[in-house]
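Undergrad: predicted model and sequence follow; I will ask about them next.
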Amino acid sequence: MATIATSGPAEASTSKPWYRILYVQVLIAIVLGIVVGWLWPSLATNDWIKALGDGFIKLIKMVIAPIIFCTVVSGISHIQDASKVGRVGVKALVYFEIVSTFALILGLIMGNLFQIGHGLAAKPDAAAVASYVKQAEAQKSVDFVLNIIPDSVFGAFARGDILQVLLFAILFGFALMAMGKRGERLRDIIDDGAHAVFGVISIVMKAAPVGAFGAMAFTIGKFGPAALGNLIGLIGLFYATAALFVVLVLGLIARVMGFSIFKFIAYIKDELLIVLGTSSSESALPQLMEKLERLGCSKPVVGLVVPTGYSFNLDGTNIYMTLATLFIAQALGVDLTFGQQLTILVVAMLTSKGASGVTGAGFITLAATLTVVNPALVPGMAIVFSIDKFMSEVRALTNITGNGIAAVFVSWWEGELNHKKLHANLNKQIDPSDVETAITTG
């Protein structure tokens, strides 16, 4: 299946001067925001400073509906490629959804156990909340199911109603899939449209330093330096949860197949370093596929599972969305019911599709999830925006590790995993490039 996400933005290029790298610019902006918020709180809470962060969030929200539509339609319509290999495609999708669910549940468990957002005691401004109250009340009504069905598809896009856009995208995707070859031209247009929208995101992300400065300055200026503890706590909790997922969930899956997750991580360390430098798991896609084939995975399985996983198996993004949603709710003093937390699982499972390839796309899917779960939480995105960049690398690292394990597992499930190659590479008994020769010559 072809994935529509593009590789990481140009700011990852090491050939650029350090001061032109977006990551460095965001870091400098955050430090300046902390200083301004700490030393000049009255200036930091000025409406113009606040507008910098809020304006960037509005730019992000601007592309949510088209991104969700394009990624979901493209993902579903391309499932027909999986039919060429029959049960392999079905097994891959079953694996993706099960493991993704574990990632979401783990994020919810950790977010509820360590309620680090409560100490922030943040309150969004009344005007921002008022604009979302009507939507929130509509979602709580008895006619919830009817509210999912749009009166008009164009109206759903105009209002930015993510649930209604999702419903139409799912139906449209299946309809396009059923068209077969007749739908190829339209599917290509949607894929190209998605590339264009991701291009818009790349342009918008150039304003990230300005938005980060405004968001951090306002947060520190309004809530004091103590707010830093909560934000650092969220980063630490996310890192710990992602590590826990890799070691426990992916580690258990690896153990079932007879190898150590730590040896697998060491085997793909070069790809992980590429991802770390670009904040995009897709930047290492070709190298990862080549290494998985050398590891003993079936080439057809790798060709199907890895690209499909980049849209359907985003473990790091799933963990981020559940943790960040709970953190924002706790910071704003909004109690999420058990039903609303279950809604997070369902909505995040859909909105996360196709979010791995572009820096900042995880933040967009968070906005979509918040809009559906409780629109009153959307203004709280400004709280986590300033630190989102520090979590994007771990999202990408977790995503690529999860997709690598997925390819090995489906190959093993299909009985097409070469265990000799697997252990020879993981145990570093021979050079990976010489594995094929070594195995075939006995």
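TA: Yep, it's here. What you see is a predicted model; the values in this text were computed from it and never measured. Numbering: from 1, shown residues only.

Undergrad: and stretch 167-185, average pLDDT?
TA: Mean per-residue pLDDT for stretch 167-185: 83.

Undergrad: in the stretch 251-400 of the chain, which spans are helices?
TA: Assignment of helices within the stretch 251-400 of the chain using DSSP state H, counting those that start in this stretch yields the ranges 251-256, 261-267, 269-278, 285-294, 299-312, 315-331, 338-351, 361-373, 381-413.

Undergrad: what is the burial count for F102?
TA: 18 (other C-beta atoms under 10 Å). C-betas here are computed from N, CA, C, even on glycine.

Undergrad: from V372, how far off is it?
TA: Using C-beta to C-beta, to the nearest Å, we find F102 at a distance of 21 Å from V372.

Undergrad: same thing with A324?
TA: Taking C-beta to C-beta as the measure, A324 and V372 are separated by 14 Å.

Undergrad: name the residue in the two with the higher neighbour count.
TA: Applying other C-beta under 10 Å to A324 and V372 shows that A324 carries more neighbours, namely 27 against 23.

Undergrad: which residues does that one contact?
TA: 234, 238, 366, 384 (C-beta atoms under 8 Å, 6 or more residues apart in numbering).

Undergrad: count of neighbours near the closest residue to V246 other than its chain neighbours?
TA: The shortest distance from V246 to any residue other than its chain neighbours is 5.8 Å, reached at T401 (C-beta to C-beta, 6 or more residues apart in numbering). Other residues lying near T401 total 25 when counted by other C-beta under 10 Å.

Undergrad: so T401 sits against Y267, correct?
TA: No: in this structure, T401 is not within contact of Y267 by C-beta atoms under 8 Å, at 10.8 Å.

Undergrad: other residues contacting stretch 215-225?
TA: The set of residues that contact stretch 215-225 without belonging to it, under C-beta under 8 Å, 6+ apart, is 29-30, 32-34, 36-38, 40-45, 49-50, 52-53, 56, 120-122, 227-228, 231, 382-383, 385-386.

Undergrad: which ones among these map onto helices?
TA: Judged by DSSP state H, helices contain the following of those: 29-30, 32-34, 36-38, 41-44, 49-50, 52-53, 56, 227-228, 231, 382-383, 385-386.

Undergrad: ok, of those residues, which come out buried?
TA: Of all these considered here, the ones buried according to neighbour count by 16 or more other C-beta atoms under 10 Å are 29-30, 33-34, 36-37, 41, 44, 49-50, 52-53, 56, 227-228, 231, 382-383, 385-386.

Undergrad: show me where pLDDT drops low in the stretch 201-350 of the chain?
TA: Low-confidence segments of the stretch 201-350 of the chain, defined by pLDDT under 70, span residues 226-227, 274, 276-283, 286, 311.

Undergrad: apply 90 and report the result again.
TA: 201-235, 268-291, 293-294, 297-318, 320-321, 324-325, 328-350 (pLDDT under 90).

Undergrad: cool, and the stretch 51-200 of the chain?
TA: Within the stretch 51-200 of the chain, the ranges that satisfy pLDDT under 90 run 51-94, 97, 114-185, 187-188, 190-200.

Undergrad: what are the ranges of the helices in it?
TA: Under the criterion DSSP H, counting those that start in this stretch, the stretch 51-200 of the chain contains helices at 64-77, 79-82, 87-113, 126-140, 144-148, 153-159, 162-178, 184-204.

Undergrad: ok, which of those helices comes nearest V378?
TA: Closest approach to V378 among those (C-beta to C-beta): helix 126-140, 5.9 Å.

Undergrad: buried among the contacts of A324? Make that a PyMOL selection.
TA: Selecting in PyMOL just the buried members of the contacts of A324, where the criterion is 16+ other C-beta under 10 Å, is done with this command:
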select buried, resi 234+238+366+384
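
Undergrad: which among the contacts of A324 gets closest to E416?
TA: Within these, the smallest distance to E416 is 35.1 Å, found for F238 (C-beta to C-beta).

Undergrad: could you measure from the residue nearest to W40 when sequence neighbours are not counted over to I21?
TA: Among residues not flanking W40 along the chain, G221 sits closest, at 7.4 Å (C-beta to C-beta, 6+ apart). Computed with C-beta to C-beta, the distance linking G221 and I21 is 27 Å.

Undergrad: compare the two (neighbour count), which wins?
TA: It is G221, of G221 and I21, that has more neighbours when counted by other C-beta under 10 Å, with 24 against 16.

Undergrad: Three-state assignment for the more buried one, please.
TA: helix (DSSP: H, G, I helix; E, B strand; the rest coil).

Undergrad: now do it against G258, distance only.
TA: The span separating G221 from G258 equals 55 Å under the rule C-beta to C-beta.

Undergrad: do the same with A169
TA: The gap separating A169 from G258 is 40 Å, by C-beta to C-beta.

Undergrad: could you do G55 as well?
TA: With the distance defined as C-beta to C-beta, G55 ends up 53 Å from G258.

Undergrad: just V31 next, same as before
TA: Counting by C-beta to C-beta, the gap from V31 to G258 is 47 Å.

Undergrad: distance of the residue most central in space within the chain from R395?
TA: Nearest to the mean C-alpha position of the chain, counting by C-alpha atoms, centre = their mean, stands T317 at 3.1 Å. For T317, the distance to R395 (C-beta to C-beta) stands at 5 Å.

Undergrad: and what of E290?
TA: Look at E290 and R395: by C-beta to C-beta, they are 23 Å apart.

Undergrad: what of P150?
TA: Distance, P150 to R395, by C-beta to C-beta: 31 Å.

Undergrad: more crowded one of these two?
TA: Each of P150 and R395 had its neighbours counted (other C-beta under 10 Å), and the higher figure belongs to R395 (30 against 17).
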